[in-house]
Every structure is written in structure tokens, then in C-alpha cells.
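Novice: Return atomic coordinates for the entry below.
(2 chains)
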Protein chains: 2
Amino acid sequence: MAAYVNMDVLRFQLFQTHDMEQILALPHFADYDAEAVNLMLEAVKDFADQQLYPVFREMDEQPVHFQDGKIITHPSLGPILRQVAEMGLIGGSFPYEHGGMQMPFTLGTATYFILDAANNNVMGYAGLTAGAAELIMEFGDENLRSTYMPKMLTAEWGGTMCLTEPQAGSSLSDITTTAYPQADGTYKIKGQKIFISGGDHQHAENFVHLVLARIEGAPAGTKGISLFVVPKFRPTDGGLVPNDVITAGDFQKMGQRGYATTHLVFGENEGCTGFLVGQEHRGLNYMFLMMNGARIGVGRGAIAIACAAYHASLQYAQERPQGRRIQNDGHKDINQQQSLIIEHADVRRMLFLQKAIYEGGLSIVLQSSFYQDMVLHGPAEDREKYELLLELLMPITKSFPSDKGREAVDTGLQVLGGYGFCTDFVLQQYYRDIRISAIYEGTTGIQSIDLLGRKLSLQNGRALTLLVEEMQATIAAANVYPELKPYTKKLAQHMQQTQEVLAFLQPFAKRGEYERFLSDATIFLEFFSTLVIAWQWLKMGVAAKTCSLTGAGNFKEDFLESTLHTMRFYFTYELPRMNGLAEILHNEEELTLLKEKDLVL
Amino acid sequence: MAAYVNMDVLRFQLFQTHDMEQILALPHFADYDAEAVNLMLEAVKDFADQQLYPVFREMDEQPVHFQDGKIITHPSLGPILRQVAEMGLIGGSFPYEHGGMQMPFTLGTATYFILDAANNNVMGYAGLTAGAAELIMEFGDENLRSTYMPKMLTAEWGGTMCLTEPQAGSSLSDITTTAYPQADGTYKIKGQKIFISGGDHQHAENFVHLVLARIEGAPAGTKGISLFVVPKFRPTDGGLVPNDVITAGDFQKMGQRGYATTHLVFGENEGCTGFLVGQEHRGLNYMFLMMNGARIGVGRGAIAIACAAYHASLQYAQERPQGRRIQNDGHKDINQQQSLIIEHADVRRMLFLQKAIYEGGLSIVLQSSFYQDMVLHGPAEDREKYELLLELLMPITKSFPSDKGREAVDTGLQVLGGYGFCTDFVLQQYYRDIRISAIYEGTTGIQSIDLLGRKLSLQNGRALTLLVEEMQATIAAANVYPELKPYTKKLAQHMQQTQEVLAFLQPFAKRGEYERFLSDATIFLEFFSTLVIAWQWLKMGVAAKTCSLTGAGNFKEDFLESTLHTMRFYFTYELPRMNGLAEILHNEEELTLLKEKDLVL
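Specialist: Presented below is the predicted three-dimensional model:
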């Protein structure tokens, strides 16, 4: 079987780059130690090898489709989800008393990363079911919990998040799905939701939709949105009863064609009952408490695709002979045997770019997962700090894997030349699949406004101060190693550059020119992400040097040297791009703002 | 019908930016004037509207396939190609005595651009048939010409270029297809060719393959390659006779699924006759004389896709309400009506990026087409100059539309959010289609080595000197307009920066470190292309100012102002990226060269 993931990279990042031991030492995770973590990762890898990877191409070639009012998915989806559940990977982070395994979130991320790399069509179903169950666990009453959660955690029932509506898109303040209060405390639900991932399929006997809707007469905007459990079938003493939730279709997509994206109609025949979760009008708050997990999940899924694509490109480059290396006179000796293409500098550049992006992206996903664990279960006095760090890094954790991961996959396709474009090879599938990541759970444009418009100014910029402290701690650790000093210097220079850019931009907000302040937010996100990933690479560099000295983790020298080399590559080929971006951000023009007299575009 | 091209942009670029009148004034084109050109463009646009655009989606949804040994393409392909031929657009630039219309190459580019924008599955068939006919016309004897050309120009017979072989890929020195001399002066051909575009389909009664092969006993490498006409059916007095050319399959591709990509087997039953074109061992030289035209064609096709994608994104953004503009307090008023998304700054940024790339890319394609006309039919004393300029710009003309065009289409998909990923909308088709452009006719990596390793040192750098003179002429013309002066200054600064980068890189070649010299060639291509397109944008800026003053071309002020605004956008949002790239190129490390002890990638 082709490689799609490198378990050494995952182990190195979890235990040497990020302090997994610190998480395992928390009382909440008393039942876990490093050995348990490694055993679980190996078990998940075996499962992925045996069940997920083998059907990855097929799920694309025999895509989800809508037939006779039903969504038909690949036949192996059901057995796979059941086994995911048996391994405890649906709601694995839930506490024992709610049927979970009380796993660290970080370990959950690592397991799903492996499974996503094997087959990115599958874990969305599991992740959304877990997310829906988590909303019920956190905000639902005991009745909702006991009615719905057990069947969700076994994957007998699926779960979804129903936010988007046709007329509203990303603008949740405009949703119109309505909940009409009934005498018995339930609600009649009426409305349509689109782009509902995993919203229906033949392998679950029921679906539990977590639906954002507006109670009749609620205030306008996001403040009038409530959250409801709306099952496809209502559980009653007499069994499951249809609940007037109609599957109207499956959106046919360019990629992730094994993952259903449904159109649901609630209450077309006035027979759809919903159950309020928590309090009225608090729905969006509840949903957004889950959003960090969902966004880490999108970043994880995207970087898993980039990881799998890297391994496919690498394998091709190691096996494909073509052309010859250029000699020092600028010519090639045609009497020589052909070189493997991995010997050509430009192919090596492309492979290092893929590796630098995917490992850098994985690292930020694990960094945020680490913060998430510390927020939820770390020492009380540190939680606010970690929460601010998590919030600040969230837009980058979601968008760097999505956007740069896409570049990595695109580069990987190029490594294969014409074959990369052909359906006989897998690269084109990764190229199609990863494209959705920059759209899921808030587009890159929305992430960028979140970063520049909200996160950087949290508590008067305290989140940024904390991040700078984290970076400085990494710089201090790196400065122990003379070999790393040139890189600490570069990172510090670009931190300074970032402060200068912010000093230029922030006055726009203070002057009330808010639209101008945010007009280049997407460029700023790219700029800031480049810095943050350089920090992650320096962290990995420190870890590699430390492992080399101490033998920690028993990594081979080749592995550690390759990690250091990729760090150098990132600092040499990616970090300098900040210079161009800084100049763009310093522009004095307002070329993208709508003026009174609009330009004919 | 949805818009896919803007005829004003094309007219503006042809007549105001590039001096189409100068071409029309050449004696060879005595029968053409501006009116004739405009009439032809309008006729082509009508044809594209009526015949090509309506089947664009269908050709993707019902892709080319291989069935019972035959390649089946969309039923409308035959009638369309016949009409293309009737309009004189196969070999339109050929002289009258060879059945052509003696059209300017630039006009040919403009017509194919419209047709490609309407449906990029079609014109490859016509272009390759014309290219094959051109090789016969230029290098074949009278017998080959009279036997093959007439049926090719009517599209009754198709034509192809057969270069690639499975074991050789881009490395043509390794091709093994062999030609065995026969007593009658013909050759028996034996070998396999892959990725042969338009190599077979049900709408042509014969195919004329221009095949690179090695005459038995020929020298190794590219110097031993000859060119042959190898028909699928040999024309004889008794009609067409099978020539042992077997279609072994059709490569299934991610995009351009209406365009056949065949696998051909020659002489499996020892019955394949080939006819030498020109002299022995000169095959690659002949083929490469056609290569500039082919590479301009790839650039044209790519930028036509980017153009069509821009119009699709623009239309969506003009019609789709979502969210509201941010007010100066940083909030949104939910009681306001939703805004059209084109009012949001980030959406405007994305649309301007698409427009800046597609119009900049179209301009470089037309610039090279202009040089091509001047090389072939301009005053004898200027031909060398134009040839050098053409050669220097060729890698950029092919790769900028392919690489930045891909970014433009990717950006355009993002404008549509989730809908962009769904097959109900066309953006995902453009996203898949354009991906091949960076691979066709020499990958971006090969283009970059061509630029840095060959073209910049042509005649001791004279090509570059000539390009600098052209840029300086544009700067001088721009400096007439005070409004353009900030941009001439920026362009000049980046020209200086380019000289500095070259002064750093070129000593590697002089010191015999040729592999190092070329190791970052792809980064250099991106860097240099960014400069060259800025020059094209300044040219468009000058033209817009001039039209505004003089009324030339009767363009509306809105159109001219939009052009100027997009120029400002390019200089503000794209040109500064050179700063980051320059720093990358100045790196002192050798991170991508294969060392004796190889890294574990």
C-alpha cells in the first residue's frame, strides 16, 4: 500500500515539539500515558490502512448521490463508522459519565489526522455526529442527553449542524428558519437548510440535526437565534416516528465526493417538532462554543490531505526516472542513465515545499489542540491565557492548512507532470478534495476579518502579547543552539515587521475607518500566518536539535536532519514572502473599497 | 447567456495597447484593415455564443471516452470543427498559396482566445491540426503537402504532434520510437506515444500524426531525432488504407474532459509506414520551430479560462446578496437590506485580482503574438530584434497565464463560496480545466530553466537589453501623464532589483556551478514574470490615458477608468511580491541540491 502518513512525524510533533506529556499529566487524563497514546495511534493507523485507505479512490469514483428521495453513500461507510465508534472515536474526548473515553483533544486530533489522511471522505460524518452530541451534552437537558447521545456515540444515529440557508450563506443574522412554540414546550420547525454535511445516508437509522432557528417573534439578527434538536425520526415509546424532515437533494461537488452535502427541508407538512437546547436566543453562542473544535477539524482535515499528497508525490519522485542532472557546464550527458526525478533541484524544491507546508500546518493544528486541552482541563490560573492564545491562533489554524495546503497539493500534482492530471493517479483527487477547506466553517475572508478585526484586539491586544511571549520563549530555547541563531534572528525581525504593519493598520480602526482597516485583512492573514508557521518551524528545529543531543524519542539522525533541513527551507523560501506582503499592507490607496461612483468591474 | 469574454477589452488591447495597425500595415497583410479585423472578431464571437459556449458544460459532463477501440467525443465536436475550418480558422495564418487566409498571427490569437473562453475543449483539436499542417508546409516536400494539407485545413482529417513516450516524458533525448528505412524511401515506424492530444475521434476520417522518431542507427540524444508524417490511414489511389496505428486508450483527466488525450501504438504489426519530413536528424529543430506558436497557444488557452472564470465570478458577485458592509464603528446594521457581495472589499479585492491577472496575461499573449508577426513578416532589419524579444518572453507567455491564471480561477471559485465547489456552477470546471496548462508543452519547471538558463543569456544578454529598452520606452510614454509617474518609478525600481538578482545569480553559471545557478529558476520565473506583467499593465495604463484624451477607439470613460484602476491594483497588490521573491533568490544556501549524503525526504 502507498504511504499516506508518517507516524514518526506525528510522534515527533506530539511529544517533542508539543508537550503531550504536560497534557497527560493533567488529572483529567489520569488514565492516559505516552504508551497508551502510542498504542492508540498504532491501532488507528492499522484500521486506516485496512479499512479507510483502500476505499478512498472508490468513494470518489462512485460518489454520493440522491436517488428516490434518499442519499446513497459508499457501502463501506456504515461498517467503517461503526468501527470508528467501537474504537471510542466518536466523542472520545467526552467524560466517562457521558459515554466518552476522556481522551485529550490533542489525541483526538492526532487520530482523526491519520484517518483523514487515509480517506478524507469519512471522518466528517463522525466529527459532526460528535459535535452534535457535544452540543446536547453541554447545553441540553438530561432528557435530550439520554434520548439522543447513546445512539450517536455508537454511530447508529448520525448528527449534523444546520446553519446555512440559501438566502443567508455565511450571514447567520439573516436566517429565517422559524420555531413556533407549542403548548407542550416543544416547537414546530419550518425552514430550509443547505450544505448540510452528512445530513442523510443509508447507514444510520436516524439523524439528529442541531438546527439554528428563530423563535417566532424573536429579535432580528444573531441575538434572536435559538438552537434546536430536530431529529429525522422522533423517538417515542412506540419506536421511531417520522418528523417531517425531508431530504431534498445532495449537492454534487467537485471533490470530497464520498461525503454527503445535503439539502434539508423541515416542516414542509407542518409536522416537524424541534426541542430547544438550553435557553432561548442563545443558539449562536452555543454553536460558536463548538466552532473552535470544528475549525481545528477543518485545518486538520486539510493538512491531512496535504500530507497524503506529499507522500504520493514523494513516492512518484523516488520511482520515476526522467532526464539527467545538469552538469557544471550546463549540459547533460545523454550517455548517463536517466536520473530519478527526486534528484532534480526543482523537484526537490517542490517536495520540500510540500513537506514544509504540511508539517508546519500539522504543527499549528496540534498547537491549537494543545491549547484547547489546557483551556478545558489545565490549571485554572492558566486557562484564560490559553483561551486567548487559542482564539488568536484559530483563524490561522483553520486557514493556513486550507490555503497553503492547497498550494502544497497543487505543487504535488506538478511533481507528477501529465500523470498528475490523470485520474489513474491520486493527486488530482487530493487537488479537488482540499479545495473545499477554505470554504467550510467560515471562508478565508471571514477568518481574516476574525483575526484582524476581533482576535488581535481581544483584551486590548493581550492575546497578541501572549503570543509574542510564546514566540520569545521559543527563540530563547533556540538560541541555545548556535546553528539555530540565524533563524531566531530572522523570526525576531519579522515579528518587528509585524508590529510595524499593525502600527500602520490599527489607526484606521481608531479613526473609525473600519472598512478600510479590514479591506486587506486577507493579505494580513497570509502575512501573519507566514510568521506563525515560522515560529512553529523554529519549535520543531529546537525539538530536533534537542532530540539529537539527548536521544529523546529514539529518532534516527536522518529524520532529525531532514526536519532541520525543512525548517531551513521554510525560513529561506517562505518567510521572506512577508517582505512583499508587508509592502502591500502598507499601501496608502483604497483600491478595493466601494466608492460612491462605482467602478465598472 | 452568461458573459465569458469582454470584446472591449480585446479591442482595447489589440488596437490601443498593442499596435495592431502596425501589423496590418505590413505588406503581407495588405488585405486586412481594422474593420476587417473587427468584423472577424464579431463573427467569431457569434459563432462561439451559438455553438461553443452552449456545449461547454456538456463536454465535461459527458467526457471523451474509449470504447471498443475507438475514442468517442461529444457529438457536436465534428460540426464545430467543420465550421471553424469554414471560417478559415485552421491554418488561417498560412499564405494564400497553401490554402490559408494570410491572417496576422495576432488576429489568430484573438479569435482562438474568444473560442477558448467559450469552450476550452475545442480549439486544441483545431490548433494541433493547424500545427501539424504547418510542419508539413514548412518542411515537407510538395508530395506531402498536396497529399495531406488540403484535408487538414477543412478539418476532414485531424493532425497531431507526437512527442511524449512513456519512459521519456519531457526528456526528448530518451525517445525510442524507431524508423526503419525501406527501399522505397519510406520508413517502417515502431513505437508508442502517450498524452497525444486530439489523437483520435469519430469526427475525422483520418489523422495525420507528426511523429518524432529515431532512424535506426541514429546518434543518441536529441541530435538523432527525425520527424515523420505517419497517417492513421495511408492515402492511396485506391483510397485510404489502414496504416497500423492503433489507438490504445484515452487518458481520463481531471479537466478538459472534452479534449481527447490518447495513447497511440505505431507498427505493432509491422505495418506502419512513415514519411520523412525534411532532412534526417533535424526533427527536433523542426518541431521546436513550431513550439513558440504552441506555447503562445497554451498561454492563450489558460488566460481564456481565467477570463471566462472572471466573468462568471463577476456575474455571481453582482447578483448575490449576502451580509452587509461594515460600518465605521466596526458593526453591521442588520436592519439594512443585505448588500450584494460585490460591495464587500474582500470580494472586490478578489475580483480585481482576477481581472488584473487575466488582462495582464492576455496582454503578454498578445505582445508575443505581435512579436511573432513582426518576426515572420516585419521589416527584415527588425526581425532579429523581435525574435530575441519573442524568445525571451516565451517562457512567461506560457507560464504566467498558466500559473497566475490558476490562482485567478481559484480566487474566482472562492468568490462563490460553497456554490463554487458545486457542480451546478461552472467555476469548479474552470478550476479543473486550467490545471493542465502548467504541464502542457513544457512544465513551468522547464519554462523556468529555459528563461534563466537560455533566454537571458541569448547573444550575451542582448535579448534582455532589448526588453529593457522596450520597458523604458513604455516608461517614457507613461511619464507624459503625471498620474502614471508613481507607477513608472515603481517599475524602474523593480527593474533595478531584477538586475541585482541577476548579478547575484549569474556568477554561479560563470563559476561552473550550473545546477546551483538554476536551482531556483522557478522562483526567478515568478519574480521576472511579475515585473514583465507590470510593464504590460503600464502599457495598458498609457493606452487608457491616451484614449481618454484623444477618444481613440471610442471607449467609455468608465471602461478606461476601470482599466487604470486595475493597473493601480496590480502595482499595489502584485508587484510588491517581488521583494519577498528577491530575498528568496538572494539566498546563500543550497537547500534543494542533491548532496552526496541524501536527505531522507
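Novice: Every contact and neighbour count from this point should use C-alpha atoms.
Specialist: Will do.
Novice: in the longest helix seen in chain A, what counts as buried?
Specialist: The longest helix of chain A (DSSP state H) is helix A:283-319. By 16 or more other C-alpha atoms under 10 Å in any protein chain shown, the buried positions in helix A:283-319 come out as A:283-284, A:286-287, A:290-314, A:316-317.
Novice: A:D200 belongs to a strand, doesn't it?
Specialist: No: counting by DSSP: H, G, I helix; E, B strand; the rest coil, A:D200 is not part of a strand but coil.
Novice: Specify the local secondary structure of the closest residue to it other than its chain neighbours.
Specialist: Nearest residue to A:D200 in three dimensions, chain neighbours excluded: A:I71, at 6.0 Å (C-alpha to C-alpha, 6 or more residues apart in numbering or on different chains). Of the three states, A:I71 takes strand according to three-state DSSP.
Novice: Run through the residues that contact A:I71.
Specialist: By C-alpha atoms under 8 Å, 6 or more residues apart in numbering or on different chains, A:I71 lies in contact with A:V64, A:H65, A:D200, A:H201, A:Q202, A:T247, A:G249, A:D250, A:A260.
Novice: distance between the ends of stretch A:129-148?
Specialist: 11 Å (C-alpha to C-alpha, to the nearest Å).
Novice: One more: stretch A:317-325?
Specialist: End to end - C-alpha to C-alpha - stretch A:317-325 spans 14 Å.
Novice: ok, which stretches of the stretch 101-250 of chain A are helices?
Specialist: Counting by DSSP state H, counting those that start in this stretch, the segments of the stretch 101-250 of chain A that form helices are A:105-118, A:123-139, A:142-153.
Novice: Find the one among those helices with the highest mean neighbour count.
Specialist: helix A:105-118 (a mean of 25; mean count of other C-alpha atoms under 10 Å in any protein chain shown).
Novice: Generate the PyMOL command that creates a selection of the buried members of the contacts of A:I71.
Specialist: Buried residues within the contacts of A:I71, by 16+ other C-alpha under 10 Å, are selected in PyMOL with:
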select buried, chain A and resi 64+65+200+201+247+249+250+260
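Novice: Quick check: which ranges of chain A have low pLDDT?
Specialist: A:596-600 (pLDDT under 70).
Novice: let's go with 80 and repeat that
Specialist: Along chain A, the parts satisfying pLDDT under 80 run over A:1, A:169-170, A:328-330, A:596-601.
Novice: which residues in it form strands?
Specialist: Assigned by DSSP state E, the strands in chain A fall at A:65-67, A:70-72, A:157-162, A:178-181, A:187-197, A:206-215, A:225-231, A:233-236, A:239-242, A:245-250, A:261-266, A:273-276.
Novice: how about those strands, which one is nearest A:M471?
Specialist: Between A:M471 and these, the shortest gap by C-alpha to C-alpha is with strand A:157-162, which sits at 35.6 Å.
Novice: how about the strands of chain A, which one is nearest B:F195?
Specialist: Evaluated over the strands of chain A, closeness to B:F195 peaks at strand A:65-67, with 31.8 Å, by C-alpha to C-alpha.
Novice: A:A438 and A:L77: what is the separation?
Specialist: Counting by C-alpha to C-alpha - A:A438 and A:L77 are separated by 25 Å.
Novice: quick one, which of these two is more surrounded?
Specialist: The residue with more neighbours, out of A:A438 and A:L77, is A:A438; 27 against 22, by other C-alpha atoms under 10 Å in any protein chain shown.
Novice: contacting residues for the closest residue to A:S368 other than its chain neighbours?
Specialist: Excluding the flanking residues, the one nearest A:S368 by C-alpha to C-alpha, 6+ apart is A:L390, at 5.7 Å. For A:L390, the contacting residues are A:S368, A:Y371, A:Q372, by C-alpha under 8 Å, 6+ apart.
Novice: nearest to A:I449, of those?
Specialist: A:S368 (19.1 Å).
Novice: neighbours around that closest one, how many?
Specialist: For A:S368, the number of neighbouring residues by other C-alpha under 10 Å comes to 26.
Novice: From chain B, how far off is it?
Specialist: 25 Å (C-alpha to the nearest C-alpha, to the nearest Å).
Novice: Isn't that residue up against A:P395?
Specialist: No: between A:S368 and A:P395 no contact is recorded; they are 10.5 Å apart, counting by C-alpha atoms under 8 Å.
Novice: Pull up the overlap in contacts between the two.
Specialist: By C-alpha under 8 Å, 6+ apart, no residue touches both A:S368 and A:P395.
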